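*Asks:* Return a 3D structure for these sequence lines:
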Amino acid sequence: MKTVIRCAMSQPWIEVCEVAKFARSTPAAVGMPGAVAFAMLMSGCVMTTVEPGHRGLYFEPGGRGLLREVLPPDKYKLGWCFIACTSNRIDDFDVTYSTRTERIRTKSTEGLDLDLTLSVIYRPVVSELYELDTEIGTNYYEEVIGPEFRSAARGVFAHHSYMELQKKNESIEDEVENEVRRRTRGKHVEISSVTLEAVTYAPEIAEKIRERIAGEQEAARQQAAIAWEGERQRLQLQKEAETARFKAEEQLAALETQKKVTQAESEMASIRAEADAKKKILLAKADAEAAVLAARARAEEKRAETAGITPMEVMIHAYDALGQMGGSGTTVLLGDWSHVTNFLFPHVGAFQSAFNPYATPALTLPSLGSTTAPSGH
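*Replies:* Alright, predicted model coming up:
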């Protein structure tokens, strides 16, 4: 007896496992019991797997039909194989984002041919897989997205010139994307984005584009050279301006310093003049005080001299004064001293001291203008 295990893929994602045991003898030799045993050994289960990133819908053609429940990734039993395999299946949907690329030939607004390569990124709506399967089927891209995508792209690019493809690439992609979404609304699919992969122009357009690019590059080179020269001149002028400003600041600083020096000299001269004036005042005060002190000293000296005059000296001076008053050739006759008039010696301290030894001697000579000569006899 030989045991054989056979596994074959009868349908996508469906694995059929059969276990058969073959006898070395022929079926005719086995007989009826052997045929029954052979048929039982040929029976087996049918399994299928929903891969990660996929969802499934269970379909029983001879029973409940298509079930609404969305099956997550797992391994599912479809039924048994006995003589013939079960017709049950799981409709598998890839729910990850998928990308399809289409080559589209259209014309621009100028009537020039454009060969475009565009890609669309899409996926089914998981919550609407039952409606998608019943209304469109698992080949929903070929039935809905592909035709609408190509038609929308031709319609959008027909409203743009070939020059706008270089300047408004992203905005044109957005237009195509919005148009595809509008056309597939309610078809249970999600359009993520549309991208323009490549544009192939007609030969004459390609030549013009090359010429334009070459001209733009030359213009950019010249513009860069002009900008560099302008920047060099600007830096040179800025350097010269900085040098001039530095010199002006130095001159201004020198003038300010000179001004401060002049002001300081003026202040010093004013202080010096004020000091000289104060010095002169102090010297004048000192001279005045010295003169006062000298006058006081002289007065004290005169007072000391006057205190030392005797009555005899006073009489001698009196006689001399009388003689000078009378002039030459005049004779003055005097009697007793007690009859001498007092106006001759009104304030003579020495004369007073002769009669009063305790009196302080003081001498004050009378003024000549107030002296009157006595009459002669």
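*Asks:* which parts of stretch 207-221 are buried?
*Replies:* Neighbour counts over stretch 207-221 (16 or more other Cβ atoms under 10 Å) mark no residue as buried. C-beta coordinates here come from the backbone N, C-alpha and C atoms, glycine included.
*Asks:* and that stretch, what's its mean pLDDT?
*Replies:* Stretch 207-221 carries an average pLDDT of 78.
*Asks:* Residues in contact with it: which ones?
*Replies:* Tyr201 (Cβ atoms under 8 Å, 6 or more residues apart in numbering).
*Asks:* Okay, helices next: where are they in the stretch 101-250 of the chain?
*Replies:* Ranges of helices within the stretch 101-250 of the chain are 129-135, 140, 146-157, 164-167, 169-183, 203-307, based on DSSP state H, counting those that start in this stretch.
*Asks:* Just put those helices in CSV and tack on distance to Leu112.
*Replies:* As requested, those are arranged in CSV below (distance: least, Cβ to Cβ, whole Å):
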stretch, distance to Leu112
helix 129-135, 39
helix 140, 34
helix 146-157, 11
helix 164-167, 11
helix 169-183, 16
helix 203-307, 6
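*Asks:* Which among those is found nearest to Glu60?
*Replies:* Glu60 lies closest, by Cβ to Cβ, to one member of the helices of the stretch 101-250 of the chain: helix 129-135, at 13.8 Å.
*Asks:* tell me what that closest one is packed against?
*Replies:* With contacts taken as 3 or more Cβ pairs under 8 Å, 6 or more residues apart in numbering; DSSP states H and E, helix 129-135 sits against strand 54-60, strand 65-71, strand 89-94.
*Asks:* got the CA coordinates for it in PDB?
*Replies:* Only the C-alpha atoms of helix 129-135 are listed here, as PDB (Å, rounded to 0.1, in the frame of the first residue of the first chain):
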ATOM      1  CA  LEU A 129     -17.100  46.200  -0.800                       C
ATOM      2  CA  TYR A 130     -20.500  44.400  -1.000                       C
ATOM      3  CA  GLU A 131     -21.900  47.200  -3.200                       C
ATOM      4  CA  LEU A 132     -18.700  47.200  -5.300                       C
ATOM      5  CA  ASP A 133     -18.800  43.500  -5.900                       C
ATOM      6  CA  THR A 134     -22.500  43.400  -6.700                       C
ATOM      7  CA  GLU A 135     -22.500  46.500  -8.900                       C
END
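*Asks:* average pLDDT for it?
*Replies:* Per-residue scores along helix 129-135 average to 94.
*Asks:* before we move on, what about stretch 228-243?
*Replies:* Mean predicted lDDT for stretch 228-243 stands at 90.
*Asks:* now do stretch 303-310
*Replies:* 71.
*Asks:* do the same with stretch 51-58
*Replies:* 94.
*Asks:* Next: stretch 284-299.
*Replies:* 86.
*Asks:* Give me the contact list for it.
*Replies:* Contacts of stretch 284-299 (Cβ under 8 Å, 6+ apart): none.
*Asks:* Any figure for the gap between the closest residue to Gly155 other than its chain neighbours and Thr134?
*Replies:* Nearest non-adjacent residue to Gly155, counting by Cβ to Cβ, 6 or more residues apart in numbering: Glu179, 6.8 Å away. Between Glu179 and Thr134 the distance is 26 Å, computed by Cβ to Cβ, to the nearest Å.
*Asks:* now Thr48
*Replies:* Taking Cβ to Cβ, one finds Thr48 at 20 Å from Thr134.
*Asks:* and those two? which has more neighbours close in?
*Replies:* Shown here are Thr48 and Thr134; by other Cβ atoms under 10 Å, Thr48 has more neighbours (22 against 13).
*Asks:* so what's the more buried one bridging to?
*Replies:* Per DSSP bridges, the residues bridged to Thr48 are Ile14, Tyr76.
*Asks:* That one contacts Lys75, correct?
*Replies:* Yes. When contacts are counted by Cβ atoms under 8 Å, Thr48 is listed as touching Lys75 (7.4 Å).
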